[in-house]
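Peer 1: From the sequence below, what's the structure:
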Amino acid sequence: MMNFMTRAFKKVMKSTEGNKVKVYIISGFLGAGKTTFIQQLIQELPDPSKILVLENDFGQINLDGAILREKGYTVRELTSGCICCSLAGDFRRALADILDTKDLEYIIIEPSGVSQLSDILAICKDPSIAKHIELTGCVSIVDAMRAPMYYKNFGIFFKDQIAYSSQVFISHQEDDQLLQETLEIIRILNPAAPIYILPWEELTLSKYISMHPHEQAVSSLAPTQTIENHKGHHTNRNHPEIPHHDHIAHHAQAKDSFLTCTVECTLPRTISEWHLHLQALIDTNTSGQILRLKGCIPLSTGGQALVQYNGTSLEITPTTLHDSYLTIIGPSLNNDALQSFINGTM
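Peer 2: The predicted model follows:
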């Protein structure tokens, strides 16, 4: 009886304005850098024990959740699919359960790269959820090296994430021409949102995400600015006309546009050998176009390595994670060819 009364009391307290759980939504297309962004954000918040990451990944295994959990953060996972389609009901129930049973100050939502931000916002604004939360930040991470291609080929997902964000943070800015094209695309999709182009480590992310629009100033590009001028003020939001989809159509398009394959890695190699092997896989057309490659691989020298490929660069670094698998995402994949190639039997 006492436990029930305690839970009920906590729930009532959370429903009051001063005790709402602060919610950050960190969206972004495949490989944009959401998990890296979240790690810095968590380090800036006052009490990690009061933070929960609601993590969704497109595939059978959630690597991003494993990375965050390894660092001691509390993670709740929803795997396989995108948060706003087949998992929409699960997401709403999971969020309601978290709010009901967890003593939290912050929830950070990391949707899959092929989710639509407008639908996640709709769930958070559901009256049964909204009375318990304060939607503090709604961010889109944009990879400037890939954005023009994503805009052209995967618009239904990419455009929605940018159009409904309150701030845009740029990652991967190695090419000035692509960066300028990316900024122009963002301004078409979201004329009002500040665009942050400074390296994240030079920003206090929690400060900029939480600012009231009229306070936005340093390190952002306002609608009338060029890349050379990094200071300006946020203006009133004015979403462009992007036709809103229905869930069935979106799910069908996600299924048609993106395939995922998870391969267990059985043959250990050195990091150099793995790099050559996986780069050859990425470069070949026999297994289909690879947009995202991530996972853990066994090393012949002992231990494991973490693999991250975002469509531009392939990175392989030692890790303490233990599983040996790779998740591959792309619009056209040959599962049998991928299995054979990765384990060296092709």
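Peer 1: where do the helices sit along the stretch 1-150 of the chain?
Peer 2: Listed in chain order, the helices of the stretch 1-150 of the chain (DSSP state H, counting those that start in this stretch) span residues 2-14, 34-44, 63-70, 88-101, 117-124, 127-130, 147-153.
Peer 1: These: lowest mean pLDDT?
Peer 2: In terms of mean pLDDT, the lowest-scoring of the helices of the stretch 1-150 of the chain is helix 2-14 (a mean of 45).
Peer 1: phi, psi of K294?
Peer 2: Main-chain torsions, K294, degrees, to the nearest 10: phi -150, psi 150.
Peer 1: need the longest strand for this protein.
Peer 2: Longest strand in the chain by number of residues, with DSSP state E as the criterion: strand 133-143.
Peer 1: Can you say which of the helices of the stretch 1-150 of the chain is nearest to L306?
Peer 2: Closest approach to L306 among these (Cβ to Cβ): helix 63-70, 7.8 Å. Glycine gets a C-beta too; all of them are placed from N, C-alpha and C.
Peer 1: What is that closest one packed up against?
Peer 2: Of the remaining helices and strands, those touching helix 63-70 by 3 or more Cβ pairs under 8 Å, 6 or more residues apart in numbering; DSSP states H and E are helix 34-44, strand 51-57, strand 74-79, strand 292-298.
Peer 1: hmm, back to that, nearest to D336, out of the helices of the stretch 1-150 of the chain?
Peer 2: Using Cβ to Cβ as the criterion, the shortest distance between D336 and the helices of the stretch 1-150 of the chain is 22.6 Å, found for helix 63-70.
Peer 1: quick check: angle from that closest one to strand 51-57?
Peer 2: Per axes from the mean of the first three to the mean of the last three Cα atoms, to 10 degrees, the angle that helix 63-70 makes with strand 51-57 is 160 degrees.
Peer 1: Tell me who's in contact with T319.
Peer 2: Applying Cβ atoms under 8 Å, 6 or more residues apart in numbering to T319 gives the contacts C296, G303, Q304, A305, L306.
Peer 1: try I290
Peer 2: L281, I282, Y309, G311, I328, I329, G330, L333.
Peer 1: For V307, list each beta-bridge partner.
Peer 2: On the basis of DSSP bridges, V307 takes part in beta bridges with G295, I316.
Peer 1: Test for you: state the pLDDT assigned to it.
Peer 2: Reading off the confidence values, V307 has pLDDT 94.
Peer 1: ranges for the strands of the stretch 201-346 of the chain?
Peer 2: Assigned strands in the stretch 201-346 of the chain, in chain order: 220-221, 259-264, 292-298, 304-309, 314-319, 325-330 (criterion: DSSP state E, counting those that start in this stretch).
Peer 1: Using TSV, please lay out those together with distance to E70.
Peer 2: Formatted as TSV, the strands of the stretch 201-346 of the chain follow (distance: least, Cβ to Cβ, whole Å):
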stretch	distance to E70
strand 220-221	33
strand 259-264	19
strand 292-298	11
strand 304-309	10
strand 314-319	8
strand 325-330	15
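Peer 1: about what we covered before: turn the buried ones among the contacts of I290 into a named ChimeraX selection, would you?
Peer 2: In ChimeraX, a selection of the buried entries from these looks like this (16 or more other Cβ atoms under 10 Å):
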select :281,309,311,328,329,330,333
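Peer 1: quick one: which of the contacts of I290 is nearest H132?
Peer 2: Looking at the contacts of I290 and their distance to H132, the nearest is I329, at 33.3 Å (Cβ to Cβ).
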